[in-house]
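1. no sequence for this one, just the structure:
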């Protein structure tokens, strides 16, 4: 990997530009490596890994039990990425992408506009906003922000901490804080009880995956250390001196910090701004880019890979990054359709 310090190190044009260096972006770069093409990876973070593998290789928490095996699995991917032949520009802000595949990027105090022949958007997921009364008060933040502090700085919030909301990340972060010696005081779970019944029709297929048992172990661990209240339908936060008063469904308690989370959704900002078609995903109650089986968007030459195309997790993101890269290689003439299909076939 040729790590660039600014836009002055960029070529005048690239065959393939990958935007984002999380699981999907790194996998795409690795798949394209060795094809004889000019490849650039633009990343807003200071080092590769995205959110799921944030600060991998430089995490201050060295005990693998705290962040878990899924986090440390990113180390091998980041090491392989460091050995590829792509150009890599960290700390980059992509502020323009259009249907001619012209890209505008800034890093530091400099900017540059240049063309690409193929683009893969791998900008990942973002937290769904959780607006409740008091959500902008000091001491209130998102679970994703809390996890970023834990991964990048080794910091867990002190005092009495409340986690409120729903989704796997809420439980994962609680387990990570427990392992770090800073268990939350309480969890308020907002998942509607009716959702559990509606999910039963998916249970047979779900049981064939490793996720039920992972989730059960995770939730069992958290419930052993943290008080959990479910069925929360009303939540409000107010300042109480230097602390925070939280009211819910008839309950009231004082906390030092409140962390909110209501699941994650695709980060469609760049795809939508570039003119890619987006569609409403009724099942996940969010918008997502419209893509085909290869991740190709409605704009020729632009693909969307990873959680930015639909939430599926790090493992699936890596596979989707590879598939999008194979489509790009075929479009660029580096491989034919037979080779593309053979390399995309399940192992």
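-> That came through, no problem. All of these numbers come straight from a predicted model, not from anything done at the bench.

2. ok, residue 38 to residue 204 distance?
-> Taking Cβ to Cβ, to the nearest Å as the measure, residue 38 falls 47 Å from residue 204. Every C-beta, even on glycine, is put in place using the N, C-alpha and C of the backbone.

3. these two: which is more packed in?
-> residue 38 (16 against 8; other Cβ atoms under 10 Å).

4. pLDDT score for that one?
-> Residue 38 is assigned a pLDDT of 98 by the prediction.

5. can I assume it is in contact with residue 17?
-> No: counting by Cβ atoms under 8 Å, residue 38 does not reach residue 17; the two are 9.3 Å apart.

6. buried sites along stretch 28-38?
-> Residues of stretch 28-38 classed as buried: 28, 29, 30, 31, 32, 33, 35, 37, 38 (neighbour count, 16 or more other Cβ atoms under 10 Å).

7. list the contacts of the last one.
-> If you count contacts by Cβ atoms under 8 Å, 6 or more residues apart in numbering, residue 38 has them with 11, 13, 14, 15, 16, 87.

8. I'd like the next helix or strand past the helix or strand of the chain with the lowest mean pLDDT.
-> Least confident helix or strand of the chain, by mean pLDDT, DSSP states H and E, is helix 193-199 with a mean of 81. As assigned by DSSP states H and E, the chain's next helix or strand after helix 193-199 is helix 203-206.

9. which SS state does residue 123 fall under?
-> Under DSSP: H, G, I helix; E, B strand; the rest coil, residue 123 falls in the coil class.

10. and what of residue 62?
-> coil.

11. and for it, the neighbour number?
-> Residues near residue 62, counting by other Cβ under 10 Å, number 9.

12. circling back: from the buried residues of stretch 28-38, which land in strands?
-> Of the buried residues of stretch 28-38, none are assigned to strands by DSSP state E.

13. and which of the residues you listed is nearest to residue 266?
-> Checking those against residue 266 by Cβ to Cβ gives residue 28 as the nearest, at 16.5 Å.

14. circling back: distance to residue 142 for the buried residues of stretch 28-38 - can I get that in CSV?
-> As requested, the buried residues of stretch 28-38 are exported to CSV (distance: Cβ to Cβ, whole Å):
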residue, distance to residue 142
28, 28
29, 29
30, 31
31, 32
32, 34
33, 35
35, 39
37, 38
38, 38
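
15. and these, which is closest to residue 268?
-> Nearest to residue 268 among the buried residues of stretch 28-38: residue 28, at 18.1 Å, using Cβ to Cβ.

16. local confidence estimate at that closest one?
-> 98.

17. before we move on, what about residue 325?
-> On pLDDT, residue 325 comes in at 98.

18. so what does it have for phi and psi?
-> Backbone dihedrals for residue 325, given as degrees, to the nearest 10, come out at phi -70, psi -40.

19. that one and residue 86, how far apart?
-> For residue 325 relative to residue 86 (Cβ to Cβ), the value is 11 Å.

20. for the stretch 101-250 of the chain, what spans make up the helices?
-> 143-153, 168-179, 193-199, 203-206, 211-225 (DSSP state H, counting those that start in this stretch).

21. pick out the shakiest of those helices, pLDDT-wise.
-> helix 193-199 (a mean of 81).

22. can you pull the buried residues of that helix?
-> Per 16+ other Cβ under 10 Å, helix 193-199 contains no buried residues.

23. before we move on, the earlier item: quick one: distance of the least confident helix or strand of the chain to the chain centre.
-> Chain-centre distance of helix 193-199: 26 Å, with Cα atoms, centre = their mean, to the nearest Å.

24. one more: stretch 204-222?
-> Taking mean C-alpha positions (Cα atoms, centre = their mean), stretch 204-222 and its chain are 21 Å apart.

25. what does that stretch contact?
-> 168, 171, 172, 174, 175, 178, 187, 228.

26. cool, and stretch 187-198?
-> So stretch 187-198 is contacted by 162-166, 170, 174, 222, 226-233, 235, 246, 248, 262 (Cβ under 8 Å, 6+ apart).

27. ok so residue 270 is a strand residue?
-> No: the assignment for residue 270 by three-state DSSP gives helix, which leaves it out of any strand.

28. who's the nearest residue to residue 100 once chain neighbours are set aside bridged to?
-> Spatial nearest neighbour of residue 100, chain neighbours left out: residue 115 (7.3 Å); criterion: Cβ to Cβ, 6 or more residues apart in numbering. On the basis of DSSP bridges, residue 115 is bridged to residue 102.

29. residues in contact with residue 115?
-> Per Cβ under 8 Å, 6+ apart, neighbours of residue 115: 13, 14, 100, 101, 102, 103.

30. might you list the low-confidence residue ranges for this protein?
-> 347 (pLDDT under 70).
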